[in-house]
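Asker: Everything below, folded, please.
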Amino acid sequence: MNYFPVFFDLTGQKVLVVGGGEVALRKVSLLERTGALITLVAPQVAPDLHARAAAGTLQLAVREFLPDDLEGARLVIVATSRRAVNRWIATLSESRNIPVNVVDDREASRFIVPAIVDRDPVLVAVSTGGTSPVLARRLRERLEAMIPQKIGELAVWLRALRAATRRSLRGVDERRRFFEAVVDGPAARRFVAGDTQGARRIVQQLLATKSRSRPTAGEVTLVGAGPGDPELLTLKALRALQDADVILHDRLVPAGVLELARRDAERICVGKAAGNIGSTQDEINALLIAHAKQGKRVVRLKGGDPFIFGRGGEELQALAAAQINFSVVPGITAATGCAAYAGIPLTHRDYAHSVTFVTGHGQERDGDPGSGPDWRGLARPGTTAVFYMGLARLDHIVQKLRQHGASPLRPAGLIAQGTTANQRVVTATLGTIHDASRNAGLESPALLVVGDVVALHSSLAWFSSDPATDLSQTA
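Answerer: The predicted structure follows:
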């Protein structure tokens, strides 16, 4: 973040505004609602500002700015039409360690003023880092339409409830879950709809139930994080991340997904890079059980889908044996997500009537032909084969497919970092995919897709984060 978002308590604090035009008037109108002691300095002042000074809402000095005007100021807002004067005042403010905002001059400002949705005491501030005030206003307009008018009154009511529930709900986790039930449930909906009496009845019933109940048992939710793009998370996955006390996540879960979790949730990385030491499956199972037995809500966050080469079934078996409550939130698996973003339909009535997902780490046991994939079936025309972690054993996979009848001209493609801003796609044939991947410098993890549908990438590819740096190629 270029800017750290904070909310200043300006009650009784001096705020200096330099400038007397329409821009200064807008800033004063905003500041008046904060209880700040506003001092405005300008040689020429708009009539509305004179009227506000007469009403006692600000102190007015009709003259040029003097350095002594900065004395005792907590914030400074500069809104004159003279750039050199603005920057001079900004330099003086900076030398006195006073935060300063110069309107329409981001480089000279120490802070910027966001677009605000005001439902006091609920405030939503929208900032684009000064890059586009118009975009910030448009986002604010959308939020204005979405956020109920009575949400501020709801916040005041919840504050009163906090004091009323301290005796009956003594544990921190117990109180948090109570208020989650209030905010997420019918009580809050009744309140913002205007039925305050109905909201209070529901809260009393909920409070009576909570105070008589035993401590809440822990639970584990297996959540699919999807293939990379955080916006591919399901709504249910987002809710689970927001409610989690502890998150056990794989190494490859993107930071953008983790950022959507509750800020104070404990995050534990239990993944490992290929060939490196990491948490064993037994250790992961033990962590899940231990945290759940402490009454915590645990999210086991896995890339893609938990039940597609994610060992989700093994973890549920361990939880079931330990009598831990669990649930599953499916995710978009890498095969479907990455192929879609690469413009490769895994099935197509003219090219492929079936698709098979195969782990690239599968090992055939010597003398046991049934221990590995059905290579003959994977090599058969009219099928699509998707190999997870296919780059690490690319030569082996190509050799097996060729041995079982696949043509060297059969299309093949590799997708690395699929659905993310760094997505790379290399398409070739079974006979040339090794050289193509080496020339492109691809690194694991990457998904290997083999089948006639790969040839459609050249005409159906649609996703590219930045055409200038797009490294997709066809060999």
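Asker: neighbours around the closest residue to residue 403 other than its chain neighbours, how many?
Answerer: Nearest non-adjacent residue to residue 403, counting by CB to CB, 6 or more residues apart in numbering: residue 375, 7.1 Å away. Bear in mind the C-beta positions are built from the backbone N, C-alpha and C, glycine included. Neighbourhood size, residue 375 [other CB atoms under 10 Å]: 21.
Asker: list the contacts for residue 375?
Answerer: Going by CB atoms under 8 Å, 6 or more residues apart in numbering, residue 375 touches 400-401, 403-404.
Asker: Closest one of the residues you listed to residue 133?
Answerer: Distance ranking of the contacts of residue 375 against residue 133, using CB to CB, places residue 401 first at 56.3 Å.
Asker: and that closest one, how far is that from residue 374?
Answerer: Per CB to CB, to the nearest Å, residue 401 is found 11 Å from residue 374.
Asker: Residue 245 too?
Answerer: Relative to residue 374, and taking CB to CB, residue 245 is found at 43 Å.
Asker: Who has more neighbours out of these two?
Answerer: The neighbour comparison of residue 245 against residue 374 (other CB under 10 Å) goes to residue 245, with 20 against 14.
Asker: Find the residue closest to residue 125 in space, skipping its chain neighbours.
Answerer: That would be residue 114: by CB to CB, 6+ apart, it lies 3.9 Å from residue 125.
Asker: next one: residue 180
Answerer: residue 243 (6.8 Å).
Asker: Near the one you found, how many other residues are there?
Answerer: Residue 243, neighbours per other CB under 10 Å, totals 17.
Asker: Between the two ends of stretch 359-376, what distance do you get?
Answerer: Stretch 359-376 has an end-to-end distance of 16 Å (criterion: CA to CA, to the nearest Å).
Asker: do you know how far the residue nearest to residue 352 when sequence neighbours are not counted is from residue 118?
Answerer: Spatially, and ignoring its direct neighbours in sequence, residue 352 is nearest to residue 384 (4.4 Å; CB to CB, 6+ apart). Remark: distance between residue 384 and residue 118 (CB to CB) = 54 Å.
Asker: Just the helices from the stretch 51-200 of the chain, written as ranges.
Answerer: Using DSSP state H, counting those that start in this stretch, the helices found in the stretch 51-200 of the chain span residues 83-95, 133-146, 151-165, 172-184, 186-192, 196-212.
Asker: Out of those, indicate the one that is most buried.
Answerer: Stretch with highest mean neighbour count among these: helix 186-192 (a mean of 20; mean count of other CB atoms under 10 Å).
Asker: List of residues touching it?
Answerer: In contact with helix 186-192 (CB under 8 Å, 6+ apart) are residues 148, 150-151, 153-154, 157, 181-182, 196, 198-199, 202-203, 206.
Asker: so where is the protein shaky, pLDDT-wise?
Answerer: 210-216, 272-278, 361-371, 465-475 (pLDDT under 70).
Asker: Could you break it into its assigned domains?
Answerer: 14-113, 151-212, 219-332, 336-474 (automatic domain parsing).
Asker: Export these to JSON lines and append columns for distance to residue 132.
Answerer: Putting those into JSON lines (distance: least, CB to CB, whole Å) gives the following:
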{"stretch": "domain 14-113", "distance to residue 132": "11"}
{"stretch": "domain 151-212", "distance to residue 132": "26"}
{"stretch": "domain 219-332", "distance to residue 132": "20"}
{"stretch": "domain 336-474", "distance to residue 132": "19"}
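Asker: And the ones you listed: which comes nearest residue 142?
Answerer: Closest of those to residue 142 is domain 151-212, at 15.2 Å (criterion: CB to CB).
Asker: helix, strand or coil for the residue nearest the centre of the chain?
Answerer: The C-alpha lying nearest the average C-alpha coordinate of the chain belongs to residue 260 (CA atoms, centre = their mean; 3.8 Å). Three-state call for residue 260 (DSSP: H, G, I helix; E, B strand; the rest coil): coil.
Asker: hang on, isn't it packed against residue 230?
Answerer: Yes. Assessed by CB atoms under 8 Å, residue 260 is found in contact with residue 230 at 6.3 Å.
Asker: Could you pull up the residues touching residue 14?
Answerer: Neighbouring residues of residue 14 by CB under 8 Å, 6+ apart: 36-37, 39, 72-74.
Asker: burial count for residue 236?
Answerer: 14.
Asker: now the strands for the stretch 301-450 of the chain?
Answerer: 325-329, 354-359, 383-388, 411-416, 424-429, 446-450 (DSSP state E, counting those that start in this stretch).
Asker: and residue 235, how many residues sit next to it?
Answerer: For residue 235, using other CB under 10 Å, the count is 8.
Asker: Please report the distance of it from residue 335.
Answerer: As defined by CB to CB, residue 235 lies at a distance of 22 Å from residue 335.
Asker: ok, the residue nearest to residue 125 - contacts?
Answerer: 5, 125-127, 136 are the contacts of residue 114 under CB under 8 Å, 6+ apart.
Asker: For the nearest residue to residue 265 once chain neighbours are set aside, give me its contacts.
Answerer: Distances taken as CB to CB, 6+ apart place residue 244 nearest to residue 265, at 5.0 Å, with adjacent residues excluded. Applying CB under 8 Å, 6+ apart, one finds that residue 244 lies in contact with 221, 261-262, 265, 297-299.
Asker: Great, nothing more from me.
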